[in-house]
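> structure, please.
(chains A and B)
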Amino acid sequence: MRPFCVTVPESVEEAVRVLAKWGPEAHVIAGGTDLLVEIKEDRRSPKVLVDISRLDELRQIRVECGVKAEAGAETGRECKRTDEGEGDVVWVGALATHAEVASSPVVRKAAPLLAEACAHVGSPQIRGRGTVGGNISTASPAGDVIPPLFALEASVDVEGPRGVRSVDVESFFVGPKRSALAPGEMVLGVRFRELGPNHVSFFRKLGQRRSLAISVVSVAFAARKVRPDAFDDVRIAFGAVAPTVVRARTVEKALCGKRLDPVMARQISRLAFRDVMPITDIRGSQAYRQEMACNLLYEGLLDLLSGSPAAGARGG
Amino acid sequence: MEIERYDTGEHDPREEFGVVHRAAKRVDGVEKVTGKARFAADLYFDGMLHARVLRAKFPHARILRIDASEAQNAPGVVAVITHEDVPGAKTFGPVRRDMPVLAFDKTRYLGDGVAMIVATTLEAAEQALELVRVDYEELPAVFSPEEAIAEGAPVLHEDAPGNIVNHHKVRKGDMEAGFAASDVVIEREYRTQFIEHAYIEPEAAVAVPNPGEGSVTVYGSIQNPFTARRVVAEVLGVSLNKVRIVQCTMGGSFGGKDDVMSCMCARAALAALKTGRPVKMVNTREESIVEGYKRHPYMLKYRVGATKDGKLQAMEIRILADGGAYASMTPFVTWRSVVQATGPYEIPNVNTDVHGVYTNNTYTGAMRGFGSPQIIFAHESLMDELAAELGMDPLDLRLKNGFRPGSVTATGQTLDDHAVSLVEVMQKAADAIGYREKRKAYNEAARRAGSKKVRGVGIAASYRGVSLGGEGVDATGAIVSVQQDGSVYVYAGLAENGQGLRTIFSQIAAEELGCHLEDVVFMDTDTSLIPDGGPTVASRSTTMGGNAVRDAARKVREMLLSVAGEMLGTSCEALRAAGGRVFVAGRPERSVSFADVARAAYSRGELMAAFGWYKGPKVWWDEESGQGRAYFTYVYGCQAAEVEVDTETGRVKVLKVAAAHDVGRAINPATVEGQIYGGVAMGMGYGLLEEVEMARGVTRTQNFDEYLIATSMDVPEVMPIVVENPDPYGPYGAKTIGEPTCELLAPAIANAVCNATGRRIRELPLDLEKVLLGRSLKAARGRRGSEQA
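This next block holds a predicted model:
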């Protein structure tokens, strides 16, 4: 571990100024659950840590009534929403902790899959310190907060020397632990449109144990139920099966409007093979992960079809 | 050789006690839960320096040159220490003296220490590590026992050709006749993994030079202070009385703070004597996992024959144990394996070979279980596989062959002087889990119904030799010292490792003296205050140390009763001591308080302290035939598990565990249950989650984000069943509980998973991939480090 300085800015502008001045030598720190480990292991050696934990405006979770969502992530989706533009937009600040998101009434109503994912990050201690902004900035393909944001077609608000910009979540992640953040930029928060009254969703995660486990595979699902056995506006994202979290567009397309029974759900889930490209690592092999992407999705679909109370969202 | 007859000691027929046989609060509980307990890393001395160790760069390499000149001149550095600074023995080891305190000729695994930096701050020491230049000649290495014993394999230690650490055998009966008499013969192969102790506190020690030449005191997280003392003295080249070891509060050990702590103590002592200042060493978690020894991976081949009605006829067993770079406890660990390898079953013909083998992996040694978890996984999986072959219920097969009073073990020992309670524990565990009903309900028909979640039940049973057995000298001591106000000190040669020894020993002292438990203070173990009582291992504390405390307390009581007799005007034979008073038997109104007796004894100038000693009953062993009285008594245990398997993911959820253990007598029933809960959690990790992954000698799982132990979310409901059949040797009939609790659950789970899915998994752990696919695809890439480059 190398020595470093810590600066505690009073405003986002000040934080951005420091980041711009030091460039790659500086690193934002909030909960520190990833960064401190990397510093300790000499995998990162920043000279300056910009501790943003006092920027309370970034801690908010709020409904932005009347604001239209960015339509950035519409491309590639086959079935268009008919309620385009309706529904509130929810903003989750970068400093909101996993525990805060998991218990937020706003998020639980607007995006239960995100609340559920946050409820299954790490342990109570990590959920109490780790933040949504940190999980996004770390950009791990196994980050549990990210697949729900893909399924919500969220956008990431970032601020840098050239001002504020909004990046759609799919473009934000460019590789394992690599994001589209330019030098001097930091994440302010994420925004997404709330799921409609007819939407259903789930988040599922497979880890080697029931808690405090990095995902072997995770899946986030959101769709509008048009019949008891059919969905449209299907948005599915997988974690830990590609260099970044990925949308499962082959599956989405196949599911849209199709009337499902368990056999059909199984067949369509198998298409996830085409959307994922996992690697073999200490947590699981490529072949197993491919299989699990399909099976997790299938299990989730079955629960939705059976109207099981476990549907909605679940992890662990 | 004829079995020697010996004194069977005193069996206490009492059923009523004052202090023992009752749940007592742990005497060291409050300081631990309030954070006031002081651990070695909390210690500070004026002028204290910090030392860091430079580790090996290659798992097998010749050291050509070590150049420390640049590091020597780095800021804050006070000394750089290499093997050249070792004044005494350069190597140590409990059986084979093969492990260097600092590597000098070769490195044999990546945890080897090559040099030490001693500096004014930890950071300065850390930074100077990079400045030490070491020239190596890399040597070909071996990463699995199979590679290590292959012809022409590179040799790690010149005095161990073929990389063999040791070979133990059992030869009983006539194998040919046994298999000829068998209607069914099956052959199976099982494998187990490297396991980390995962104690919450990594290794730590502080060495302080004493006034006077070459003398040092070492404080540390030390499991076996007397072992550490011997190693430190040998390395320093001084006599034992120049080294004082003081044990600090332990943040867990599980067998893991033996050799690795002896080594750390010796390094810290070297640094303290070289600099003349106190030196602290604390391992990071990563260092702890890379340097510290592991539980041995075993490759086990079993061949078993039985008649068609299920009577076992013959068992042939071949085991290879990966000993890693140094012998450590491998000879003793594999000895327990060879003794118990058949499991608790009567088999007339047995032929067992166990080899410990050197490899360039992290060395393996003592860990809770000590050679039993591996063989129990194998023989208990095998029993279920044989039952399936015979069309019998696995429990019935066990009941048919299980040890009963008078049974003869594989090593020719007749079990006739203690309660052989195998059948009792098996039935109690099976009943508690509802084995008979569930086994039927969770049959194949249920599987065919196509449910995603399938359930199963399974059991595993064992017998286990108590204490050291044929490993060596088995004796230990204690001091009980009563003060003039009636308060009491207890000192013991065995040490608290978190298992509850302080409480148990305090209870025994209070029981014998008749005082209150609150009046007893157990003192930290200090090698300068008490004779060498051997290591705190092999679940021997209560049996051995308990008898020593009892011996000491009885001697003091005798003196106190004679004083009380004078005070009460009666003979001391008529007196009883209990509940803080001494009274005339049957006439409790004629009494004096314990404190008054103590005061009177003090004013009369009586000796109020006594030394107690206990030497274990005789055991014997013949190395050639593998026959003998291996242990003086045994415990019997059975665990049953109920699981639910998710057939979509391979996830195994353990729903319930019943754990029945015969402990002889529970001195502290609360501690016994605590041991069972902890052992079950550890056994579950062994079965489902834990594995130190090593790839060509490199430890890939260096912290607890990747080395997964069971969390409170994973551990199921546990039903502890404490069975008590008092033993003739232990104090109040007490035997053992520490280790048997963690050796049974992995095979019980494997058997339950097989009952649920129909799939037999013969390799631990039963992680997601193995349960779903029957094998680990990720392991195929670099399994146990045996992959080729």
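> strands along the stretch 451-600 of chain B, start to end?
Ranges of strands in the stretch 451-600 of chain B, per DSSP state E, counting those that start in this stretch, are B:453-465, B:475-482, B:488-492, B:520-522, B:575-578, B:581-584, B:587-593.
> so which of these is nearest chain A?
Closest to chain A of these is strand B:453-465 (C-beta to the nearest C-beta; 10.3 Å). From N, CA and C alone the C-beta is placed, and that goes for glycine too.
> would you mark the buried spots in the closest one?
B:454-465 (16 or more other C-beta atoms under 10 Å in any protein chain shown).
> quickly list what residue A:160 is bridged to.
With DSSP bridges applied, residue A:160 shows beta-bridge pairing to residue A:163.
> could you measure from it over to chain B?
Separation of residue A:160 from chain B (C-beta to the nearest C-beta, to the nearest Å) stands at 31 Å.
> list the contacts for that residue?
Neighbour list for residue A:160: A:16, A:19-20, A:181-186 [criterion: C-beta atoms under 8 Å, 6 or more residues apart in numbering or on different chains].
> confidence score at it?
Model confidence at residue A:160, given as pLDDT, is 95.
> tell me which of the strands of the stretch 451-600 of chain B sits nearest to residue B:93.
Closest to residue B:93 of the strands of the stretch 451-600 of chain B, according to C-beta to C-beta: strand B:475-482, at 22.2 Å.
> show me what secondary structure element comes after the host helix or strand of residue A:137.
Secondary structure from DSSP states H and E places residue A:137 in helix A:132-138. Next along the chain after helix A:132-138, taking DSSP H and E as the criterion, comes helix A:146-151.
> please name the residues that touch residue B:740.
Residue B:740 sits in contact with B:372, B:462, B:464, B:539, B:635, B:637, B:661, B:679, where contact means C-beta under 8 Å, 6+ apart.
> revised request: answer the last question for residue B:89.
Taking C-beta under 8 Å, 6+ apart, one finds B:97, B:101, B:234-235, B:237 in contact with residue B:89.
> now do 6 Å
Counting by C-beta atoms under 6 Å, 6 or more residues apart in numbering or on different chains, residue B:89 touches B:234-235.
> closest one to residue A:257 out of the contacts of residue B:740, please.
residue B:679 (55.1 Å).
> can I take it that the closest one is in a strand?
No: under the criterion used here (DSSP: H, G, I helix; E, B strand; the rest coil), residue B:679 is helix, not part of a strand.
> find the nearest non-adjacent residue to residue B:177, please.
Closest residue in space to residue B:177, ignoring its immediate chain neighbours: residue B:349 at 6.7 Å, by C-beta to C-beta, 6 or more residues apart in numbering or on different chains.
> partner residues bridging that neighbour?
residue B:314.
> what about it, how many neighbours?
22 (other C-beta atoms under 10 Å in any protein chain shown).
> so who does it touch?
By C-beta under 6 Å, 6+ apart, the neighbours of residue B:349 are B:173-175, B:178, B:314.
> residue A:38 touches residue A:44, doesn't it?
Yes: counting by C-beta atoms under 6 Å, residue A:38 does reach residue A:44; the two are 4.4 Å apart.
> now do the same contact list for the residue lying closest to residue B:60 once chain neighbours are set aside.
Nearest non-adjacent residue to residue B:60, counting by C-beta to C-beta, 6+ apart: residue B:141, 3.7 Å away. By C-beta under 6 Å, 6+ apart, the contact set of residue B:141 is B:59-60, B:360.
> select from those the one having the most neighbours.
Counting by other C-beta under 10 Å, top hit in those: residue B:360 with 30 neighbours.
> how much space separates that residue from residue B:324?
8 Å (C-beta to C-beta, to the nearest Å).
> same deal with residue B:145?
Taking C-beta to C-beta, one finds residue B:145 at 10 Å from residue B:324.
> ok, these two, which is more surrounded?
Counted by other C-beta under 10 Å, residue B:145 and residue B:324 do not tie: residue B:324 has more neighbours, with 30 against 27.
> after the helix or strand that contains residue B:190, next one along is what?
Taking DSSP H and E as the criterion, residue B:190 maps to strand B:184-191. For strand B:184-191, the following helix or strand on the C-terminal side (DSSP H and E) is strand B:204-209.
> point me to the residue of the stretch 51-200 of chain A nearest chain B.
residue A:123 (7.8 Å).
> what number of residues are in the vicinity of residue B:756?
24.
> leaving out chain neighbours, which residue sits closest to it?
residue B:456 (3.0 Å).
> now do the strands in the stretch 101-250 of chain A.
A:155-160, A:163-168, A:173-175, A:178-179, A:186-193, A:199-206, A:217-227, A:230-239, A:246-247.
> list the neighbouring strands of the fourth one plus their orientation.
Strand A:178-179 has its sheet partners listed here by DSSP bridges as strand A:173-175 (antiparallel).
> report the buried residues of the partner strand.
Within strand A:173-175, the residues scored as buried using 16+ other C-beta under 10 Å are residue A:173.
> ok, residues contacting it?
A:139, A:179-180, A:243-244.
> just the pLDDT for the residue nearest to residue B:60.
98.
> again with residue B:73
For residue B:73, the model assigns a pLDDT of 97.
> tally of neighbours for it?
Residues contacting residue B:73 under the criterion other C-beta under 10 Å number 11.
> that one and residue B:450, how far apart?
Residue B:73 is 73 Å from residue B:450, by C-beta to C-beta.
> now do the contacts for residue B:301.
Contact analysis of residue B:301 by C-beta under 6 Å, 6+ apart lists B:189, B:318.
> just confirm it is within a strand.
Yes: judged by three-state DSSP, residue B:301 forms part of a strand.
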